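Visitor: any chance you could fold what I've pasted below:
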Amino acid sequence: MKEIVTYVEMTAPDQLHAADPVPGLVLEPLERNSPLIPDIQARIGAPYSWKSASRTEEEWHVWFAENPGRTFWLLSFDRESVGMVSYDIHPGDEVEIETFGLLPEFVGKGLGGYALTLGIQQAWELAPSVTRVWLHTSTLDHPHALPNYHHRGFRTFRTQESERN
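Guide: A predicted model of the protein is given here:
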């Protein structure tokens, strides 16, 4: 199936246009061995045909081994898991938001803007001198994903058409 992948970036923390706070919504670190990671990532990605939605246990083990530096953070609302953010730090202290998403039952509840704000703020704090925060999204993701990224201050730096298997 065809998709357009859009890459967006921020090159300074003051480019963030923070959403209004949502009381009770927090971002907390997850241990890499947390069983929440495969569960939440699969549930977030299922509506959008992410590979994580159909990985076997063995594929998860391989995936974790291939991504040893990835960090995971849990989005909770009033102590209930609502989503996740994961990060990769690249050379030059660039931070990629590798995963950002809400569980399907929390989409459309007014949490996404502030959840992304928390995720971006954390990205800028992951390395001593972060120079850039970036991510990519697809036309197969939630239709509000790209507008949310732009509203938070990300700017598009590349698009490409591809085929998702």
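Visitor: mind giving me the packing neighbours of the longest helix belonging to the chain?
Guide: Ranked by residue count, the top helix of the chain under DSSP state H comes out as helix 112-124. Packing partners of helix 112-124 (3 or more C-beta pairs under 8 Å, 6 or more residues apart in numbering; DSSP states H and E): strand 25-30, strand 71-77, strand 80-90, strand 94-102, strand 132-138, helix 145-151. Every residue, glycine included, has its C-beta placed from N, CA and C.
Visitor: for these, which one sits closest to Glu3?
Guide: Among those, the nearest to Glu3 by C-beta to C-beta is strand 132-138 (4.7 Å).
Visitor: now the helix-or-strand element of the chain with minimal mean pLDDT: buried residues?
Guide: Sorting the helices and strands of the chain by mean pLDDT, DSSP states H and E puts helix 57-66 at the bottom, at a mean of 85. Neighbour-count burial for helix 57-66 flags Trp63 (criterion: 16 or more other C-beta atoms under 10 Å).
Visitor: mind starting the numbering at 6 from now?
Guide: New numbering, starting at 6: the last item is helix 62-71.
Visitor: so what touches that helix?
Guide: Here helix 62-71 makes contact (C-beta atoms under 8 Å, 6 or more residues apart in numbering) with 37, 43, 60.
Visitor: now render those residues as TSV, adding distance to Asp146 and pLDDT.
Guide: Output for these, formatted as TSV (distance: C-beta to C-beta, whole Å; pLDDT from 0 to 100):
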residue	distance to Asp146	pLDDT
Arg37	25	88
Pro43	19	90
Arg60	18	81
